[in-house]
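A.B. asks: mind looking at a prediction? Sequence and model below.
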Amino acid sequence: VEIVKEFPLDKIYMPKVVHTSKTYEDLLVNIKNADLKVIAAKPGLTIDLDPGLKAEFLSPAGSSYDSLNNYSAVLKLTYKETSFLFTGDAETEAEEEMLASGADLASTVLKVGHHGSNTSTSPLFLNTINPEVAVISVGADNSYGHPHGEVIDRLQQAGVSVFRTDLHGTVVITSDGREIAVLTEKQ
């Protein structure tokens, strides 16, 4: 809602799913008030940003998930030799669909799914991505116990540098097309 209110936008990409939460209803009202075009996020859809930058949606592929998290719009952003995979809250079911699709999942940076929950970042998914860096967006002392220890262990065993917003604050990653640099709010 805040992004729609604060930034000049012409269109918004989001999964084709309906929810009854107040937050979702507020989002729809703000999208309508801003007169934005809504485009359904789906595998293979690309966003034309710049000739050297590729943005492609890899999920959601399905139209009937038990968990709303699997409707997360998963986006791979590629800049020259570096890439970033933003998985939202996608869980194992969506991960399996992406693996089965044959999409190129290999990425330099992984935004870990579902706040580091054990419902995401399955071993095969992580091994296929093979990231150098992982970022976990998670609130401190959250009631869900995120991130889960087995996900942290999996990332560490894979040799991935892990940054967490509960420990490191805001995490900013930049790329020159060959290498990435990580800057955190807290050390």
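C.D. replies: Done, it's in. Numbers count the residues shown, from 1 in each chain.

A.B. asks: quick one: the helices in this structure?
C.D. replies: With DSSP state H applied, the chain shows helices at 2-6, 22-33, 92-101, 123-129, 149-157, 165-168, listed in chain order.

A.B. asks: residues contacting the third one, please?
C.D. replies: Under the contact criterion CB atoms under 8 Å, 6 or more residues apart in numbering, helix 92-101 has outside partners 43, 58-62, 65-67, 69-70, 72, 74, 87, 90, 105, 113, 119-122, 124-125, 128. For every residue, glycine as well, the C-beta is placed using N, CA and C.

A.B. asks: got it, and the last one?
C.D. replies: Contacts of helix 165-168 from elsewhere in the structure, counted by CB under 8 Å, 6+ apart, are 135-142, 171, 184-187.

A.B. asks: export those to TSV and tack on pLDDT and distance to residue 1?
C.D. replies: TSV is the format used below for the contacts of helix 165-168 (pLDDT from 0 to 100; distance: CB to CB, whole Å):
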residue	pLDDT	distance to residue 1
135	98	23
136	97	23
137	96	18
138	95	21
139	93	18
140	93	23
141	90	25
142	90	21
171	98	23
184	97	27
185	94	23
186	90	27
187	78	32
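
A.B. asks: in PyMOL, how would I select the buried members of these?
C.D. replies: The following PyMOL line selects those of those that are buried, judged by 16 or more other CB atoms under 10 Å:
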select buried, resi 135+136+137+138+171+184
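
A.B. asks: okay, the contacts of helix 165-168 in CSV with distance to residue 38 next?
C.D. replies: Below are these laid out as CSV (distance: CB to CB, whole Å):
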residue, distance to residue 38
135, 27
136, 29
137, 24
138, 28
139, 28
140, 34
141, 36
142, 30
171, 29
184, 34
185, 33
186, 36
187, 40
